[in-house]
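Enquirer: Got a predicted model here, sequence first, then my questions.
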Amino acid sequence: MNTKLTLYLTISFFLTIFPIFGEKKLQVVTTTTNLKYFVEQIGKERVEVFSMIRGYDDPHFVMTRPDFLVKLNKADLFCQIGLDLEIGWIPLLLQQSRNYSIQKGQNGFCDTSVGIKVLGEPTVNVDRSMGDMHIYGNPHYWLDPINAIQMATTISQALIRIDPVSSDFYKANLDIFKKRLIDLTKNEMKKFTPYIHSRVAVFHDQFVYLANRFKFTANLTIEERPGVPPSNAYMEKVIATMISQKIQVILISPYHNKKYADFVSSKVPGSKVIVLPETIGATPDIQTYEESIEKMMEMISNALSETKSK
């Protein structure tokens, strides 16, 4: 047997025994770090995932970079939060990507809001005088771990569309991830039991899904209109409401201007502002979705306990 034939048979043998060996990984682009994590949990070693923004970036307003187009052009799959969260920057990028397979309606396009029970849908006609309102409802749905299960399911379905041969692999990984999230939700709900029905204030109306799942109220916003700085008169109303209703915790995300929340807190005796890591990478220690949920609930619980004891 000559050397070339021996080499050919050897390579063929290993490709048969280890089919993943030598296979090209699916190239996936996501808008957020949480979506990147979800794709990695379902796709494992068969995907290579790039998140266009970091955990402490504001997903509503993003300064795009040339490498975004390069990544999109080569992507097999694109995943977004949807509900117009990325409306200010994604549509043009997709249009300029010159990648037909990831356009809306194609197999390589994945909107994880599909199947989500959306909260905060406007009950009146929306116009620009109302600020940066989301016409399809509140897009921060990933803050509910049960919604994260639906997101992972949608991602699994998208991966199967473009890689049907590996469908059993993706389904098995989804089942494992789903169990982790169910256990996470049960554990956090149990730990939060002493604080059920507590009330907090928020800067932006983004923690409604977290509050809805863990049974606290977070509907008093310091932001008068989405994306518009609050007036002094409006902040005085918020301060009066917090004092009268004994609300002493204000929640805010890392990418929002903290000065308004700090001002309100300075006028409400005993209150405090909590910056929550709502996404992976919001702070260096948050490397998984589960850590993000656990940390947020711990911070809220501690803040409610501390303010209550004063």
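Expert: Received, thanks.

Enquirer: Specify the local secondary structure of residue 200.
Expert: The three-state label given to residue 200 by DSSP: H, G, I helix; E, B strand; the rest coil is strand.

Enquirer: what sits against it?
Expert: With contact set as CB atoms under 8 Å, 6 or more residues apart in numbering, residue 200 has these partners: 207, 211, 216, 217, 218, 220, 247, 249, 250, 251, 300, 304. Where C-beta positions appear, they are placed from N, C-alpha and C, glycine not excepted.

Enquirer: Equivalent analysis for residue 182, please.
Expert: Shown in contact with residue 182 (CB under 8 Å, 6+ apart): residue 149.

Enquirer: what about the strands in this structure?
Expert: Per DSSP state E, the chain has strands spanning 26-30, 47-51, 77-80, 109-111, 199-202, 217-221, 249-252, 272-275. These are given in chain order.

Enquirer: The ones you listed into TSV, with extra columns for distance to residue 97 and mean pLDDT?
Expert: TSV is the format used below for these (distance: least, CB to CB, whole Å; pLDDT from 0 to 100):
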stretch	distance to residue 97	mean pLDDT
strand 26-30	9	98
strand 47-51	13	98
strand 77-80	8	98
strand 109-111	11	98
strand 199-202	35	98
strand 217-221	35	96
strand 249-252	34	98
strand 272-275	34	97
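
Enquirer: okay, and for the stretch 201-310 of the chain, where does confidence drop off?
Expert: 309-310 (pLDDT under 70).

Enquirer: Now do the helices in it.
Expert: Secondary structure of the stretch 201-310 of the chain (DSSP state H, counting those that start in this stretch): helices at 208-214, 232-244, 259-267, 289-308.

Enquirer: most packed of the ones you listed?
Expert: helix 208-214 (a mean of 22; mean count of other CB atoms under 10 Å).

Enquirer: so how far is that one from its chain's centroid?
Expert: Centroid displacement of helix 208-214 relative to its chain, using CA atoms, centre = their mean, to the nearest Å, is 14 Å.
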